[in-house]
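Visitor: Sharing a model that was predicted from the sequence below.
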Amino acid sequence: MKPLRILTYPEPFLLRETEPLQNIDGAVQEMIDAMAETMYAAPGIGLAASQVGWGKSVLIYDIAPREEGRRLHVLVNPRIVASEGEVLSENEGCLSVPDYRADVKRAERVLVEGFDREGKPVRLEADGFHAIVLQHEIDHLNGVLFIDRISRLKRELYKRKLQKALRESEHAV
């Protein structure tokens with residue numbers, strides 16, 4: 001199985017809300033496996049279905065240190081049901097917004113409900129880095145990128161830099 005193509009900003013699909021997944025069948029399991037292969041190959045620590053052009057509410061993540069091996073987590077139809085506190089996610093980045101990092105305000109703790117890849121209900125309490133990753137990936141499922149959570153000035157500077165790079169790459173062809 002070869003890795004899927006990761007969509008990058010300004011791809012319009014990234015700004016669409018995903019649809020809830022109704023049933024988990026073999027095709028869904030294959031897609032989850034393909035997403036995992038893609039995330040690990042990138043390398044990344046999280047990936048939402050919308051980032052690979054799949055419009056369903058599914059995300060995966062693995063925040064285990066590399067030397068401890070892989071610990072893939074899958075969340076289907078996740079939603080944040082409670083959050084508290086505030087923390088600055090320093091130097092946050094994204095596979096869909098390559099070559100850009102920024103500080104983002106996030107909730108310090110979250111309570112997330114959803115389902116695992118077998119369809120069993122999941123209720124997660126997360127704080128720190130774990131909470132940041134969950135918020136980042138759930139944002140993707142809602143059509144929100146981390147650059148939507150930074151100041152307008154920083155976002156505009158990033159967009160101008162990207163447009164310039166896209167123009168230069170078109171001229172190089």
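Guide: Nice, thanks for sending it over.
Visitor: make it CA atoms for all contacts and neighbour counts henceforth
Guide: Will do.
Visitor: which residue is nearest the centroid of the chain?
Guide: Taking Cα atoms, centre = their mean as the criterion, E137 is the residue nearest the geometric centre of the chain, at 3.3 Å.
Visitor: I figured G53 was touching E11, is that so?
Guide: No - using Cα atoms under 8 Å, G53 makes no contact with E11, being 9.8 Å away.
Visitor: Report the beta-bridge partners for R109.
Guide: Note on R109: beta-bridge partners E84, D127, judged by DSSP bridges.
Visitor: which residues in the chain form strands?
Guide: Along the chain, counting by DSSP state E, strands occupy 46-48, 58-61, 73-84, 87-94, 97-106, 109-115, 121-127.
Visitor: deepest of those, which one?
Guide: The highest mean neighbour count among the strands of the chain belongs to strand 46-48 (a mean of 27), with neighbours defined as mean count of other Cα atoms under 10 Å.
Visitor: for that one, what is the average pLDDT?
Guide: For strand 46-48, mean pLDDT is 98.
Visitor: Can you tell me which helices and strands it packs against?
Guide: helix 26-41, strand 58-61, helix 128-141 (3 or more Cα pairs under 8 Å, 6 or more residues apart in numbering; DSSP states H and E).
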